[in-house]
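Chemist: with the input below, show me the fold.
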Amino acid sequence: MEIKARGLAFDVHAAGPEDGDPVLLLHGFPQDHREFDLILPRLHSAGLRTYALDQRGYSPGARPEAVAGYALSEPTADAVAVLDALGLQKVHVVGHDWGAQVAWLLADKHPDRVRTLTAISVPHPRGLGIALRNQPSQKLRFAYMKVFQSRVAERLLLARDGAALRQLMRPIGPRAAMYASAMAEPGRLTGALNWYRALSAGQLRSVGKITVPTTYVWSDGDPVVGRPAALSTRTWVEADYRFVALRGIGHWVPEEAPKALAEVTLARIGV
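Modeler: From the prediction side, this is the model:
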């Protein structure tokens, strides 16, 4: 369905029992709502109603031109506006990668809208920011961001039929080609990369302590987030908190370990 909010049009993919407790699913880069496809059957069988949002830059009707339009406060406001348009007062929130960043902000700035939080891969922004300043190894893990923020990023990532994107997502096999192909759509990759270009240390520092029940899922094979940054998240949650470490799994948790993630998510939601 198309949801109009904040002068934009967002694609929202709703499924599951119509009377089920609502779950908002927030994807990361370079994926879209489909990254949750493999966990949806388990969530639906548990009686949950899911709403997978194609965020700004990904929904064709939500691609602002200005880089500033992709600061984390903007997709966070989008999520609230979409919930308003759907008539959903309070939801369980599940976010991966950039979607996790939005989920952390949503839980911090709008705790009245979040019943539970399941953040995947990316830790609490404050803890991440501290690790980036104090852990040389974590800073090295984020070196790729300079490439994504550069003016040549689109050309590099789309060259040879998106070979770099497919290589980036090689752990998820043929699904990687699906996302790389989608990025060839005019304006889509630029919108997605603008999330990186708009990021600032100040945005990470603006996130406070989380007061909603929270599970953070980290995987020890993730090349992006190291253990110190992952462990630091505990400091920033003042509510029931669970840290789940998946062994032998890389960054693409919803597609590399869908069964484990579905069970972790259901445990947090309480069904």
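Chemist: list the buried residues for the top helix by length along the chain?
Modeler: As assigned by DSSP state H, the longest helix anywhere in the chain is helix 153-168. By neighbour count with 16 or more other C-beta atoms under 10 Å, helix 153-168 contains the buried residues 153, 157-158, 162, 165-166, 168. For glycine as for every other residue, the C-beta is placed from the backbone atoms N, C-alpha and C.
Chemist: and the lowest-mean-pLDDT helix or strand in the chain, what does it pack onto?
Modeler: In the chain, no helix or strand scores lower on mean pLDDT, DSSP states H and E than helix 201-205, which sits at a mean of 82. Contacts defined by 3 or more C-beta pairs under 8 Å, 6 or more residues apart in numbering; DSSP states H and E place helix 201-205 against helix 125-134.
Chemist: the helix or strand following the least confident helix or strand of the chain pairs with which strands, and in what direction?
Modeler: Next along the chain after helix 201-205, taking DSSP states H and E as the criterion, comes strand 214-219. Using DSSP bridges, the strands paired with strand 214-219 are strand 114-120 (parallel), strand 241-246 (parallel).
Chemist: what residues does the first one touch?
Modeler: Strand 114-120 has contacts (C-beta atoms under 8 Å, 6 or more residues apart in numbering) with 21, 90-97, 99-100, 103-104, 106-107, 210, 212-217, 233, 253-254, 261, 264-265, 268-270.
Chemist: for PyMOL, write the select line for the buried members of the residues you listed.
Modeler: Here is the PyMOL command that selects the buried residues among the contacts of strand 114-120 (16+ other C-beta under 10 Å):
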select buried, resi 21+90+91+92+93+94+95+96+97+99+100+103+104+106+107+210+212+213+214+215+216+217+233+253+254+261+264+265+268+269
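Chemist: which secondary structure elements does the helix or strand that the longest helix of the chain is followed by sit against?
Modeler: Using DSSP H and E, the helix or strand that follows helix 153-168 in sequence is helix 175-182. Helix 175-182 is packed against helix 153-168, with contacts defined by 3+ C-beta pairs under 8 Å, 6+ apart.
Chemist: how far off centre is the helix it packs on?
Modeler: From the chain centre to the centre of helix 153-168 is a distance of 21 Å (C-alpha atoms, centre = their mean, to the nearest Å).
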